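>>> quick one, fold the following:
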Amino acid sequence: MTTDHGYPAVRMHIAGRWCQGETERTAPVVNPATEEVIGEVPLATRADLDRALDAAAGGFEAWRATPVTERTRILHAAADLIGERAARIGRIATLEQGKPLRESTGEARRTAGTLRWHADDARRAYGRIIPTDPGTILTVRREPIGPVAAFVPWNFPVGGPNRKISSALAAGCSLVIKASEETPAAAMELVSCYADAGLPPGVLNLVFGEPAEVSEQLINSPVTRLVAFTGSVPVGKLLAARAGQAMKPSLMELGGHAPVVVCADADPVRAARSAARAKWANAGQVCTSPSRFLVHESIVEEFTAEFVRAAEAVTVGDGLDESTGMGPLANERRLKTMERLTADAVARGASVQTGGEPVDRPGYFFAPTVLTDVPADAELMSEEPFGPLAPIVAFGDLDEALDTANGLPYGLAAYGFTDSAATAETLSDRLQAGILSINHCGGSVHEAPSGGVKDSGYGREGGPEALDAYLVTKRVSHQLVP
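Next comes the predicted model:
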């Protein structure tokens, strides 16, 4: 069933069945490009969550006993379905999240690639045999940790949930995943692909609900053996503390405030174009989005001029319009934050070179904004904007720029531009981040790990490291009986 908007009726997935939940309690789903209510999302009760946990417990025993060849076959089948349905999934994601259709469809297609990578890695979760005393066999085995409680935000409605789901399932774990109530249907469509591929009932359970209620019950349950979260630093710290109290490991991919260091020997035009493309992607609502631009004083004018040109060339509009280059912010909260951060920076002496205000139309649109002469005490320089704000600050000495870049408690992503191999090595050595890109602003890739340091979290998603959090290492010493 779908609405007049082509938006499907949202359901939870528990124990292999689609359901509304125990009560009629729901929340509205709003199209951020129009501010129209396009659907309702059911909110789980404690009874719903208990059913999901029971299902995950049973699903884990069935899935861990499934031969790895069969698990891999099912996961590849799910990836095929995601690829086949990418256009439909992308349109749904654009309706509820706002990003341009080519971005959301591309996200769905990349999600299929990520799943294929992890499906193949399921067959490479090797243990080892250790030489030891005669008559003794000493082995190290890697086994699935158990049922996982996963929590994901709204900015990547398909790719976000799948990074948790694909890693956990490849490792042999079951899940209860709480996707965002603001973007529920894209997650539902993703889970449908797994279910239709033949995933056994109870292995993957999808719920929605009041975040505090859901997290407390899922994390405190004795069924749950791992907590996996992507989101803000404050919420991540809260959930990590709760998991720690229950002596459960956690995987935390938290926010950042990514510096871009543009050195004196870099091409300012090329650097500005690369950084601007990354800045406006998903309206800046990306945890790795470049968000502090530290540019050498000798090239800052050229860099700024090109960055402003790139910003003014962006067509802001409904993501369903093929001409749109940047869609709306996801909700009114983000819009208000852009206004607050811009006003604070200007009040402290910054200059708005372009943008700086909401777009005069229905929806949560904010113009691509470039600010210069932003002082260090502006909120924008210490608070992750998570939106289309680009503060540009000149520096004279690279050591000074690196001190500024590393001066915040975050360490997720960082970027550097230089034509010097020696300077590139300096940036690689000294920038404190889990993800560093030099001479480009590349995004996450499924064949390499992503994750943060400091307050930006711990653990890695992507690459061979992706399965680590979902596996436990067991030492087995077997003394042969004479």
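>>> quick one: contacts for Leu95?
Each residue near Leu95 by C-beta atoms under 8 Å, 6 or more residues apart in numbering is listed here: His5, Gly6, Tyr7, Asn31, Ile38, Ala185, Leu320. (C-beta placed from N, C-alpha, C; glycine too.)
>>> so how far is Pro268 from the residue lying closest to Ile435 once chain neighbours are set aside?
Excluding the flanking residues, the one nearest Ile435 by C-beta to C-beta, 6 or more residues apart in numbering is Ala413, at 4.4 Å. To Pro268, Ala413 is 21 Å away according to C-beta to C-beta, to the nearest Å.
>>> pretty sure the residue nearest to Ile435 is touching Ala433, no?
Yes: Ala413 lies in contact with Ala433 (C-beta atoms under 8 Å); the separation is 5.6 Å.
>>> so between those two, which is more surrounded?
Of the pair Ala413 and Ala433, Ala413 is the one with more neighbours under other C-beta atoms under 10 Å, namely 30 against 23.
>>> measure that one to Ile219 for me?
27 Å.
>>> so what's the residue most central in space within the chain up against?
For the chain, the residue whose C-alpha lies nearest the mean C-alpha position (C-alpha atoms, centre = their mean) is Gly160; its distance is 4.7 Å. Taking C-beta under 8 Å, 6+ apart, we find Gly160 in contact with Val152, Pro153, Ala179, Thr230.
>>> over to Glu383?
Glu383 neighbours (C-beta under 8 Å, 6+ apart): His257, Leu341.
>>> mind giving me the domain split of this structure?
12-254+455-475, 258-445 (automatic domain parsing).
>>> save those domains as TSV, and put in distance to Pro482 and mean pLDDT too.
Below are those laid out as TSV (distance: least, C-beta to C-beta, whole Å; pLDDT from 0 to 100):
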stretch	distance to Pro482	mean pLDDT
domain 12-254+455-475	8	97
domain 258-445	51	97
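>>> and these as TSV, adding distance to Val481?
Output for the domains of the chain, formatted as TSV (distance: least, C-beta to C-beta, whole Å):
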stretch	distance to Val481
domain 12-254+455-475	9
domain 258-445	48
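>>> looking at this, Gly39 is in a strand?
Yes: assessed by DSSP: H, G, I helix; E, B strand; the rest coil, Gly39 belongs to a strand.
>>> what is the neighbour count of it?
22.
>>> against Met188, how distant is it?
Gly39 is 10 Å from Met188, by C-beta to C-beta.
>>> list residues touching both of the two?
Pro8, Val10.
>>> give me the element the residue nearest to Ala186 when sequence neighbours are not counted is part of.
The shortest distance from Ala186 to any non-neighbouring residue, by C-beta to C-beta, 6+ apart, is to Pro157 (3.5 Å). Using DSSP states H and E, Pro157 falls within no helix or strand.
>>> list the contacts of Ala122.
With the criterion set at C-beta under 8 Å, 6+ apart, Ala122 makes contact with Val68, Arg71, Thr72, Leu75, Ala170, Ala171, Gly172, Leu467.
>>> the fifth one reaches Val68, doesn't it?
No: contact between Ala170 and Val68 fails when scored by C-beta under 8 Å: they sit 9.2 Å apart.
>>> those two: who's more crowded?
Shown here are Ala170 and Val68; by other C-beta under 10 Å, Ala170 has more neighbours (27 against 14).
>>> name the helix or strand for that one, please.
helix 159-171.
>>> re earlier: which of the contacts of Gly160 tops the neighbour count?
Ala179 (29 neighbours).
>>> can you tell me the closest non-neighbouring residue to that residue?
Going by C-beta to C-beta, 6+ apart, Ala179 has Ala187 as its nearest residue, at 3.5 Å.
>>> that older thread, from the contacts of Leu95, which land in strands?
Asn31, Ile38 (DSSP state E).
>>> identify the farthest-apart pair in the contacts of Leu95.
Ala185 and Leu320 (14.9 Å; C-beta to C-beta).
>>> alright, that wraps it up for me.
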